[in-house]
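Colleague: Below is the sequence, then the predicted model.
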Amino acid sequence: LDSTPPGPKVERMYKPLSRAEASTLTQLRTSHIGLNAHLYRTRTIDSPLCRRCGVPETVTHFIMSCRRFSAEHDAL
């Protein structure tokens, strides 16, 4: 493991977050989160594809383009 402390930018980003929020942010930033692409890499499920869109369910897909959240995307 890298024992170097995080830089000031990362510290500022995480400081106002609760432990649960910081954990979720870390999972999103590292792609080690319960989305199909990660679960497929860990051999937990048989397919990395999004059940709604048919493309790999990555963090970017989940946040930016998944049709499951089209109303939320339109609101932004």
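Modeller: Nice, I can see it.

Colleague: Find the residue closest to the residue nearest to the spatial centre of the chain in space, skipping its chain neighbours.
Modeller: Among the residues of the chain, the one closest to the centroid is Leu28, at 2.8 Å (CA atoms, centre = their mean). In space, and not counting its chain neighbours, Leu28 is closest to Val59: 5.4 Å by CB to CB, 6 or more residues apart in numbering. No exception for glycine: its C-beta is placed from N, CA and C like everyone else's.

Colleague: Settle this for me: the one you found is touching Leu25, isn't it.
Modeller: No. Judged on CB atoms under 8 Å, Val59 makes no contact with Leu25 at a distance of 11.1 Å.

Colleague: Out of these two, name the residue with the larger neighbour count.
Modeller: When Val59 and Leu25 are compared for neighbours, Val59 comes out ahead with 17 against 13, by other CB atoms under 10 Å.

Colleague: Whichever strand or helix holds Glu72 - what's its average pLDDT?
Modeller: Per DSSP states H and E, Glu72 falls inside helix 70-75. Throughout helix 70-75, pLDDT has a mean value of 86.
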